[in-house]
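**Q** Model the following, please.
(one chain, ligands or ions: 1)
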Amino acid sequence: MMNEKLQKAFCVQINKELYSAYLYLSMQNYFKEVNLDGFANWMAVQVQEELSHAMGMYNYVFERGGSVELMAIDKPEGTYNSALEVFEKVLEHEEYVTSLINDLAFIAEEVRDRAAMSLLDWYIKEQVEEEANVANVLGNLRLAQNDPRALLLLDRELATRTFVAPVIG
Ligand code: OFO
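**A** Purely as a prediction, here's the structure:
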């Protein structure tokens, strides 16, 4: 059985992962509206990633004999002015999520739950990957700034991203 404080912290993180999916869905909306279908595809894959992160924790809590409290998901801001602005916000958000995962790992450490710590190691590594992927797109966008042809080339590249369900844990 999982410690109560840790279970609660997992529930909060599940909510944050679902919010991440919702946030990226709002960004997908923006890219669809401005006809950048490759960027929209990147966001669609990201939505799937976030749902899988949430479900990984959700299933884990049940596996440990606990239960999940579902909380309201915040409304994302939803107004964007450029691809660059969107990806700056994505990086900021992923850095925030990294800090949340680290805090969750500290709680697991505090209550000496080795099994949860081992699961959270996967999430910690995943965040390194998440931040690196986003930083890469952001770097390309900074280079492409004010050049529509470069933006369209990047859009074509991002259209090739596909979702591969992660093996969590
Ligand atoms: Fe779940 O990694 Fe992004 O937020």
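**Q** host element of the closest residue to Tyr80 other than its chain neighbours?
**A** In space, not counting the residues next to it along the chain, Tyr80 is nearest to Tyr30; the distance is 4.5 Å by C-beta to C-beta, 6 or more residues apart in numbering. Yep, even glycine has a C-beta here, placed from its N, CA and C like the rest. Assigned by DSSP states H and E, Tyr30 belongs to helix 4-33.
**Q** buried residues in that helix?
**A** Within helix 4-33, the residues that qualify as buried by neighbour count (16 or more other C-beta atoms under 10 Å) are 6-7, 9-11, 13-28, 30-31.
**Q** How about that helix and the ligand, touching?
**A** Yes: Helix 4-33 is in contact with the ligand by C-beta under 6 Å from any ligand atom, via 17, 20.
**Q** what about the following helix or strand past that helix and the ligand, any contact?
**A** Scanning forward in sequence from helix 4-33 by DSSP H and E, the next helix or strand is helix 37-63. Yes: where contact is defined by C-beta under 6 Å from any ligand atom, part of helix 37-63 touches the ligand, namely 50, 53.
**Q** What angle do helix 4-33 and helix 37-63 make with each other?
**A** Here the directions of helix 37-63 and helix 4-33 differ by 160 degrees (axes from the mean of the first three to the mean of the last three C-alpha atoms, to 10 degrees).
**Q** Show the contacting residues for the residue lying closest to Asp74 once chain neighbours are set aside.
**A** Closest residue in space to Asp74, ignoring its immediate chain neighbours: Tyr19 at 5.5 Å, by C-beta to C-beta, 6+ apart. Counting by C-beta atoms under 8 Å, 6 or more residues apart in numbering, Tyr19 makes contact with 73-74, 76.
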